[in-house]
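S.K.: only geometry, no sequence info:
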């Protein structure tokens, strides 16, 4: 019995070992099969071996490879050895008798005279089997290119530079400028007509309303602000802007002072120089100072101060209006006395 088991186990062991050895050998042959396949063929050639300086020539790259390989890429720099690649034309691939034929054309040039070499550059191939990661790298042949300069006949003497010959102009040369001027004139005429038409239409649509006297206009606006208590319903910046605009418009109309365009300092200086307005200088200072702080320094004015500024504005208008009327009455009486 012992001898039977010994022989049986020995046969099983030999059989397993033989299958493992044959499997490993088959895998190695399958992996290295690409090596024994026909290698790709690379040809590189130029359509000219001699050019003038700056002239262009073409280099052709032809690659023939079996289905066992795939072209991964190649490394041809943009410039090398006084030679520059001007353009890389798109590659073209054809399938002939089960083989792939890849061709690409390169346009090159050189701006240095001499004999220059187009060096060999590597072309990388991979296996068509995605499991196989083996790479095959082949080198192209190198090429020579001779760059000549433009021949110059040194036996002839140097000739002077010819003067510039004027070209005779025809009406066709001036035609673009004439058309441009006509279009510009037409554009100006159309724009002028549209502007005048709109201006005339606007003037006809506007109805001139008789303006109120300065005192009545200012008092109406100030009393409206007082009745609605606008300092409680709008922002302080908007409130003081409206308040100072009413006062500025009042003295601009009543005293012919351009207050709307003046700064606060300039306005106070003009008020100080006027005999009637000078009496209200302190009220003006308080209102303008508070307004400037609210509008420019983001000052949060209290409602009590805002209401007090409104009362001061009403006092300014009433006081200056009474003084102005008294002054006018005195001047009228003086004029009547002189006529008598």
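M.R.: Good, I have the coordinates. These figures come from a predicted structure and were not determined experimentally.
S.K.: for the longest helix along the chain, buried residues please.
M.R.: If you go by DSSP state H, the chain has its longest helix at helix 303-339. Of the residues in helix 303-339, 306-307, 309-310, 312-314, 316-317, 320-321, 324 count as buried by neighbour count, 16 or more other CB atoms under 10 Å. Every residue, glycine included, has its C-beta placed from N, CA and C.
S.K.: so for it, what's the average pLDDT?
M.R.: The average pLDDT for helix 303-339 rounds to 88.
S.K.: what's it packed up against?
M.R.: Counting by 3 or more CB pairs under 8 Å, 6 or more residues apart in numbering; DSSP states H and E, the packing neighbours recorded for helix 303-339 are helix 214-228, helix 236-255, helix 281-296.
S.K.: after the least confident helix or strand in the chain by mean pLDDT, next one along is what?
M.R.: In the chain, no helix or strand scores lower on mean pLDDT, DSSP states H and E than helix 33-36, which sits at a mean of 42. For helix 33-36, the succeeding helix or strand toward the C-terminus, using DSSP states H and E, is strand 41-46.
S.K.: now for that following strand, which elements pack on it?
M.R.: On a contact count with 3+ CB pairs under 8 Å, 6+ apart, strand 41-46 meets strand 56-65, strand 143-148.
S.K.: for the very next helix or strand once past the shortest one, buried residues please.
M.R.: Going back to what we said before, that points to strand 143-148. Once strand 143-148 ends, the next helix or strand along the chain (criterion: DSSP H and E) is helix 171-205. Judged by neighbour count using 16+ other CB under 10 Å, helix 171-205 contains no buried positions.
S.K.: with stretch 119-132 instead?
M.R.: 123, 125-127.
S.K.: could I get those as TSV with distance to residue 90, pLDDT and secondary structure?
M.R.: Putting the buried residues of stretch 119-132 into TSV (distance: CB to CB, whole Å; pLDDT from 0 to 100; DSSP: H, G, I helix; E, B strand; the rest coil) gives the following:
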residue	distance to residue 90	pLDDT	secondary structure
123	17	90	strand
125	20	88	strand
126	22	86	strand
127	26	83	strand
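S.K.: show me the two of the residues you listed that sit farthest apart.
M.R.: Maximum pairwise distance among the buried residues of stretch 119-132 (CB to CB): 14.9 Å, between 123 and 127.
S.K.: from the buried residues of stretch 119-132, which is closest to residue 240?
M.R.: Closest approach between the buried residues of stretch 119-132 and residue 240, by CB to CB: residue 126, at 81.1 Å.
S.K.: in contact with that closest one, which residues?
M.R.: Residues counted as contacts of residue 126 (CB atoms under 8 Å, 6 or more residues apart in numbering) are 69-70, 72, 132-136.
S.K.: of the residues you listed, buried ones?
M.R.: Judged by 16+ other CB under 10 Å, buried ones among the contacts of residue 126: 69-70, 136.
S.K.: narrow those residues to those in helices?
M.R.: Per DSSP H, these never map to helices.
S.K.: how near is residue 99 to residue 89?
M.R.: 22 Å (CB to CB, to the nearest Å).
S.K.: check residue 325 too.
M.R.: 97 Å.
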